[in-house]
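> Next one to model:
(chains A, B, C and D)
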Number of protein chains: 2
Amino acid sequence: MSRFDSRSTSKIDQERGRFLKHLARTGLRVSRGRELIFNEVMQIHGHFTAEQLTKKCQKKNLKVSRPTVFRILHDLLAAGVIRETAFGDKHRHFEHVYDEKPHHHAFCIYCHGFIEFPDMKEDMVYHSIIEKKGFKILGHEMHFYGMCRKCQEKAA
Amino acid sequence: MSRFDSRSTSKIDQERGRFLKHLARTGLRVSRGRELIFNEVMQIHGHFTAEQLTKKCQKKNLKVSRPTVFRILHDLLAAGVIRETAFGDKHRHFEHVYDEKPHHHAFCIYCHGFIEFPDMKEDMVYHSIIEKKGFKILGHEMHFYGMCRKCQEKAA
DNA sequence: TCATATAATGATACACTATCTCATATGAGT
DNA sequence: ACTCATATGAGATAGTGTATCATTATATGA
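Numbers count the residues shown, from 1 in each chain, chains lettered A, B, ... in the order given. Purely as a prediction, here's the structure:
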């Protein structure tokens, strides 16, 4: 029996299954750290950095070191449980894939905040162009940048 | 008379004008470093990092320090002569704006290479959604990610 | 031209994120 | 329990981008 938290919904179970399968395939163990990080990540809604995740664990007295957090995030990436988004700052930003509707981001270049908006599928026109070049598409992100409402008000 | 390289095309002249105007507005001088970096940047086709630019200068025996390169790139950004693109790695990537047709990127997650493809304007549908939230759009980038042809061949 | 003020520059140190190393701890399987 | 591979943490390290500050260069006015 898995020692992972058993209160999870079926969607989280599905992700857990994906993760366990990946670990089995690559000969990695279901360790304390991996259980712990998996459960924490699944409870986060929205984006997070490795730093934020580490602090979240430390606040809960879940002992896990920074290198371990990075290592396990790498596992989760490889398993396809989380994905990475480039926000243009010096941090790596992650979000889990389950329960997330496809969406994109608009970044404020003044306060570095962002808003989300839904994927409208209008960008599918690009697929044929890119795949004609032999590139296999695994995903896409659209980044708008500009000035958020609050920063406009401040400037005025 | 400006001491900037005078062999330039009208498009580069236009950019030079934009830069000089910015310097004048903000009380900055037309210094040796700014001339030098401006000319080098204008000669680059495609993307570059501060590191690459610094090495390019050093190879040509153009003496300019790393802090100065960063400072002047900041000036060029503020003047709107270059723009920044988040590539998902730890570097800041720049490209000059002149002579560039609007385009986007597809990144290979295996070799970190990328291909470019033209902007098709199909993404304009997003503008109304975002601006309804009070966000003022200044630009946008579309990032596809996946596996390039070469990496697919290697894997096969 | 000289004096003075202001900006630019480079050397150096620094901050920060992410990663590497390696000794130790842990777990799985026999 | 023993053996051996993997996981972990402490600390060192790498790499990028900044900050500090003394020095140099430039512009301006007398």
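
> From now on I want contacts and neighbour counts done on CA atoms only, so please keep to that.
Will do.

> Buried residues of the helix or strand where residue A:151 lies, list them for me.
Using DSSP states H and E, residue A:151 maps to helix A:149-155. Neighbour-count burial for helix A:149-155 flags residue A:151 (criterion: 16 or more other Cα atoms under 10 Å in any protein chain shown).

> Likewise for stretch A:127-134?
Counting neighbours by 16+ other Cα under 10 Å, one finds that the buried residues in stretch A:127-134 are residue A:130.

> Ok, stretch A:64-80 next?
Buried residues in stretch A:64-80 (16+ other Cα under 10 Å): A:64, A:69-70, A:72-73, A:75-77, A:79.

> hmm, who's touching stretch A:59-68?
Contacts to stretch A:59-68, defined as Cα atoms under 8 Å, 6 or more residues apart in numbering or on different chains, come from residues A:33, A:36, A:50-51, A:54, A:57-58.

> Just the buried residues of those.
For the contacts of stretch A:59-68, buried by 16+ other Cα under 10 Å: A:33, A:36, A:50, A:54, A:57.

> Wasn't residue A:142 part of a strand?
Yes - counting by DSSP: H, G, I helix; E, B strand; the rest coil, residue A:142 is found in a strand.

> was I right about it contacting residue B:145?
No - contact criterion Cα atoms under 8 Å: residue A:142 and residue B:145 do not qualify, at 11.3 Å.

> Mind telling me what element residue A:41 is part of?
Counting by DSSP H and E, residue A:41 is found in helix A:32-43.

> what about that helix and DNA strand C, touching?
Yes - legend: contact between helix A:32-43 and DNA strand C by Cα under 7 Å from any atom of the strand is shown at residue A:32.

> any chance you could map the strands in chain A?
A:48-49, A:82-85, A:93-96, A:103-108, A:114-118, A:136-147 (DSSP state E).

> Tabulate the ones you listed in TSV, adding columns for mean neighbour count.
Converted to TSV, those look like this (neighbours: other Cα atoms under 10 Å in any protein chain shown):
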stretch	mean neighbour count
strand A:48-49	16
strand A:82-85	19
strand A:93-96	21
strand A:103-108	20
strand A:114-118	15
strand A:136-147	19
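
> Among those, which comes closest to residue B:126?
strand A:114-118 (8.3 Å; Cα to Cα).

> Point out the residues in chain A that sit beside DNA strand D.
Contact residues, chain A versus DNA strand D (Cα under 7 Å from any atom of the strand): A:27-34, A:63-68, A:72.

> closest to DNA strand C among those residues?
residue A:67 (4.4 Å; Cα to the nearest atom of the strand).

> Let me know the pLDDT of the closest one.
Here the pLDDT value assigned to residue A:67 is 96.

> Would you map out the domains in chain A?
Following automatic domain parsing, chain A resolves into domains at A:10-96, A:103-155.

> tell me, which of the ones you listed is the model least confident about?
When the domains of chain A are compared on mean pLDDT, domain A:103-155 scores lowest, with a mean of 84.

> distance between the ends of it?
Distance across domain A:103-155, first residue to last, is 29 Å (Cα to Cα, to the nearest Å).

> quick one: it near DNA strand C?
No - Domain A:103-155 lies apart from DNA strand C when judged by Cα under 7 Å from any atom of the strand; the minimum separation is 14.1 Å.

> Please state the offset of that domain from the chain centre?
Centroid displacement of domain A:103-155 relative to its chain, using Cα atoms, centre = their mean, to the nearest Å, is 16 Å.

> any bit of that domain sitting next to chain B?
Yes - under the criterion of Cα under 8 Å from any Cα of the partner chain, chain B is reached by domain A:103-155 at A:106, A:117, A:120, A:122-123, A:125-126, A:129-130, A:133-149.

> can you give me how far stretch A:76-89 is from the chain middle?
Counting by Cα atoms, centre = their mean, stretch A:76-89 comes out at 5 Å from the chain centroid.

> quick one on the thing from earlier: sort out for me which of the residues of chain A next to DNA strand D are in helices.
Among the residues of chain A next to DNA strand D, DSSP state H puts A:32-34, A:66-68, A:72 in helices.

> partners of residue A:48 in the sheet?
Beta-bridge partners of residue A:48, counted by DSSP bridges, are residue A:94.

> Residue A:117 reaches residue B:130, doesn't it?
Yes - using Cα under 8 Å, residue A:117 is in contact with residue B:130, at 7.1 Å.

> Identify the residue nearest the geometric centre of chain A.
residue A:95 (1.7 Å; Cα atoms, centre = their mean).

> For it, give me its contacts.
Contact analysis of residue A:95 by Cα under 8 Å, 6+ apart lists A:45-48, A:82-85.

> can these go into a markdown table with extra columns for distance to residue B:15?
Formatted as a markdown table, these follow (distance: Cα to Cα, whole Å):
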| residue | distance to residue B:15 |
| --- | --- |
| A:45 | 44 |
| A:46 | 40 |
| A:47 | 38 |
| A:48 | 39 |
| A:82 | 42 |
| A:83 | 38 |
| A:84 | 35 |
| A:85 | 32 |
